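my questions are about this predicted structure, shown below with the sequence.
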Amino acid sequence: MDDFVSSVQSQVYGLSTRDAFPSYINLQYVFFYRNTNNTKDFMDANTLQRAFYKTLEQFPILVGHYRQRSDRGLSIARKFHRDAWPKDLMTAHVMALPVKGTKQLRLSHVNIVRLKDNSGVALYLAMSRSEPIPTATFTIGASKLHQGLLREYFSKENFASKLLAWLAPHTRARLLSFATRQVKITGGLLHRRARTYRNNDVITAIIAKVNAQVVSRITKKSSNIGDAVLSKLRKGQEVRLVTVACDIRHRLGLSAADLIGNGQFLPTLQIPNAQAESPITPETLCEIAVMVRQAVDAATPERIAEFIEEGDRHPGGFTCPIANSSSLGSSIGVSNQTRFGVYETDFGYGIPEFALIDPELGPGLVSILPACPPSTDYYINISNLTTIIDGLNRNEFWTGISERIF
């Protein structure tokens with residue numbers, strides 16, 4: 001550790017508005033390793049410690065912390081601070097919170113738990129979802145944005161967004177964490193065989209259709225308080241929003257760059273309620289699957305660059321997306337992580353037997369995760385309002401194509 005500490009050079013990275021937007025969210029994974037041979041030195045502490053500091057040598061920015069700028073934007077100050085890394089490496093919440101006793105937001109959290117009778121090890125990893133690209137420069141022409149949603153994404157400021165941007169990072173984190181805990185969120189993990197519905201566009205279309213049907217049924221028939229709130233939020237919304245996470249790195253020729261987070265661009269579909277809530281047939285699924293493919297194909301380098309440049313005109317606008325979110329229950333975001341290589345983490349004792357994300361990420365968030373190789377199956381993790389998850393578990397089409405894990 002001492003060698004690593006002495007090698008870290010203090011440096012400040014300015015975050016673009018796009019980079020700062022997901023800074024208050026932790027990307028969380030849990031890996032389970034089985035001690036198949038029942039060896040006494042399975043995943044020994046020294047091996048894990050060496051691997052930990054080797055990772056930090058490759059990504060030294062992870063020892064930094066967020067710093068508020070005078071223009072209301074964010075920067076990352078990279079400097080090792082022992083107080084920011086307590087010995088017990090306490091776990092994190094989905095919303096990034098300050099380290100206990102400090103005002104610093106860590107960019108990574110690790111917690112390792114040895115299972116009963118040394119039967120295995122569970123490794124917890126949380127990293128900030130912001131992904132600074134300090135050396136990248138985007139040059140574009142004066143063409144208009146392809147979609148009005150992009151222009152307003154970081155520029156539609158109101159009192160709430162300005163207040164959130166004005167607050168210090170640690171204060172904003174506590175406030176957002178408190179707000180998220182006021183909504184009852186439930187996570188569900190489902191298993192899908194790879195024989196059918198393998199195409200990402202079709203999977204997204206199915207999730208969008210089933211979610212729309214469940215929300216529609218809840219708002220029309222139920223009478224409890226939670227569903228009444230959901231009905232009020234949905235009232236006046238004529239479209240369903242479906243966001244598909246796209247990795248920008250290979251689209252910008254940065255596949256080999258050392259970026260933290262997942263470098264996302266988020267094209268959003270607007271599906272009319274009538275179309276989203278119509279019966280599920282091959283034809284209706286195909287219609288939405290085509291819309292998904294068109295949105296993803298439109299994520300060109302030029303459009304991504306326009307999106308980033310538009311955000312940079314509003315340094316304090318990174319809080320606009322959360323402050324303007326009014327589609328609770330009616331919108332979903334889908335992230336396909338089957339190519340993330342989560343089963344490539346081998347400390348010399350074999351790959352994980354099971355890897356998953358935090359099941360309760362937030363309302364309307366869907367993650368498609370790979371099963372352990374050589375299987376080509378996948379898991380679907382759905383996090384949403386508890387009343388919607390209950391509805392999904394009773395939807396005949398959904399239960400007919402998936403196996404519920406929890």
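Arrived safely. Numbering: from 1, shown residues only.

now for the closest residue in space to Gly348 that isn't next to it in sequence, how many residues are close by?
What sits nearest to Gly348 in space, not counting adjacent residues and going by C-beta to C-beta, 6 or more residues apart in numbering, is Thr47, at 6.4 Å. From N, CA and C alone the C-beta is placed, and that goes for glycine too. The number of residues packed near Thr47 is 14, by other C-beta atoms under 10 Å.

repeat that for Pro373.
When neighbours are defined as other C-beta under 10 Å, Pro373 has 9 of them.

these two touch, right, it and Pro352?
No. With contact defined as C-beta atoms under 8 Å, Pro373 and Pro352 do not form a contacting pair (10.4 Å).

between those two, which contacts overlap?
Residues touching both Pro373 and Pro352 (C-beta atoms under 8 Å, 6 or more residues apart in numbering) are Tyr343.

tell me the secondary structure at the nearest residue to Val202 once chain neighbours are set aside.
Spatial nearest neighbour of Val202, excluding adjacent residues (C-beta to C-beta, 6+ apart): Ala289 at 5.0 Å. Secondary structure assignment for Ala289 (DSSP: H, G, I helix; E, B strand; the rest coil): helix.

quick one, what contacts Ala289?
Ala289 neighbours (C-beta under 8 Å, 6+ apart): Asn199, Asp201, Val202, Thr204, Ala205.

quick one on the thing from earlier: give me the pLDDT value at the residue nearest to Gly348.
pLDDT, Thr47: 88.

element containing it, please.
Here Thr47 sits within helix 45-58, counting by DSSP states H and E.

what does Thr204 give?
Using DSSP H and E, Thr204 falls in helix 200-221.

any idea how far Ile248 is from Met291?
Relative to Ile248, Met291 is positioned 21 Å away (C-beta to C-beta, to the nearest Å).

which stretches in the stretch 301-406 of the chain count as helices?
301-312, 320-323, 386-392, 396-401 (DSSP state H, counting those that start in this stretch).

report the mean per-residue pLDDT for the shortest one.
Per-region confidence: helix 320-323 scores 61 on mean pLDDT.

which of the contacts of Ala289 has the weakest pLDDT?
The minimum pLDDT among the contacts of Ala289 falls on Asn199, with 77.

what's the local residue count around that one?
Count around Asn199 with other C-beta under 10 Å applied: 12.

contacts only, for it.
Ala289.

returning to that earlier point: settle it for me: which of Met291 and Ile248 has more neighbours?
The neighbour comparison of Met291 against Ile248 (other C-beta under 10 Å) goes to Ile248, with 23 against 20.

buried subset of the contacts of Ala289?
Asp201, Val202, Thr204, Ala205 (16 or more other C-beta atoms under 10 Å).

hmm, which two among the residues you listed are most spread apart?
Across the buried ones among the contacts of Ala289, the longest distance by C-beta to C-beta is 7.3 Å; it joins Val202 and Thr204.

name the SS class of Leu269, please.
strand.

that one touches Val242, doesn't it?
Yes. Using C-beta under 8 Å, Leu269 is in contact with Val242, at 4.4 Å.

those two: who's more crowded?
Val242 (27 against 21).

got the phi and psi for the more buried one?
Val242 adopts backbone torsions of phi -130, psi 110, taken as degrees, to the nearest 10.

hmm, it is touching Val292, no?
Yes. Val242 is within contact range of Val292, at 7.3 Å (criterion: C-beta under 8 Å).

any residues in contact with both of the two?
Thr204, Leu269.

can you list the domains in the protein?
2-128, 148-404 (automatic domain parsing).

any low-confidence regions in the stretch 51-200 of the chain?
By pLDDT under 70, the weakly predicted segments of the stretch 51-200 of the chain are 61, 63-97, 99, 105-106, 128-166, 169-170, 173, 176-198.

what about Ala299, how many residues nearby?
Residues near Ala299, counting by other C-beta under 10 Å: 18.

go on, Gln264?
Gln264: 20 neighbours (other C-beta under 10 Å).

I'd guessed it sits against Val244; true?
No. Contact between Gln264 and Val244 fails when scored by C-beta under 8 Å: they sit 9.7 Å apart.
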